[in-house]
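[1] quick one, what's the 3D model for this:
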Amino acid sequence: MSEVMLALAVGVFACCGTWLCLRASVFDLALGLTLVSYAVNLILMAAGGLGASRPPILAPGGGATAATMADPLPQALVLTAIVISFAMSALVLALAIRARGPDGEDGSDDPADERDAEPMSAPDAGRSEAGAMDRGTAR
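    Have a look, this model is predicted:
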């Protein structure tokens, strides 16, 4: 049952994080990256095994075998991933604060701004290379 719950949690974190990363707001991007990093951390923790009865540190002379010890590599990878995700979140938030304009906008593309903008005119579509040669202006 715990495997199913872990798989659902990873799926929810990854889907919600991806959806937030695809939104136009910088804050949503930072939150989405954080959720994706949570999903990666859960995957790395699951790689070490879900058994809670194996201690990471054994008593001296306890007869440690590979079956009775917890794997330290996924634990080290999770700690490294936590540090990297913290640094990444701090960088994204610092860039978001720096990108905020004097009007309080975060500089992201807003569909409402695109509707209000004037349409761009086509750059001299009637003039072609052949037409320029007929007038004697081509090189």
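
[2] where does the chain have low pLDDT?
    Counting by pLDDT under 70, the chain has low-confidence residues at 1, 50-59, 61-70, 101, 104, 106-139.

[3] could you pull out the helices for it?
    2-21, 26-47, 72-99, 111-116, 129-135 (DSSP state H).

[4] quick check: which of those helices is buried the most?
    Stretch with highest mean neighbour count among the helices of the chain: helix 26-47 (a mean of 18; mean count of other C-beta atoms under 10 Å). Where C-beta positions appear, they are placed from N, C-alpha and C, glycine not excepted.

[5] other residues contacting that helix?
    Applying C-beta atoms under 8 Å, 6 or more residues apart in numbering, the contact partners of helix 26-47 are 3, 6, 9-11, 13-14, 16-23, 74, 77-78, 81-82, 84-85, 88-89, 92-93, 95-96, 99, 106-108.

[6] mind checking how far the closest residue to residue 81 other than its chain neighbours is from residue 103?
    By the measure of C-beta to C-beta, 6 or more residues apart in numbering, the closest residue to residue 81 outside its immediate chain neighbours is residue 41, 5.3 Å from it. Residue 41 sits 37 Å away from residue 103 when distances are taken as C-beta to C-beta, to the nearest Å.

[7] and what of residue 43?
    If you measure residue 43 against residue 103 using C-beta to C-beta, the figure is 41 Å.

[8] ok, residue 73 next?
    Plainly put, residue 73 is 49 Å away from residue 103 if you go by C-beta to C-beta.

[9] residue 71 now?
    Distance, residue 71 to residue 103, by C-beta to C-beta: 52 Å.

[10] if you count surrounding residues, which of these two has more?
    Comparing residue 71 with residue 103 by neighbour count (other C-beta atoms under 10 Å), the higher total belongs to residue 71, at 13 against 5.

[11] and that one, what does it touch?
    48-49.
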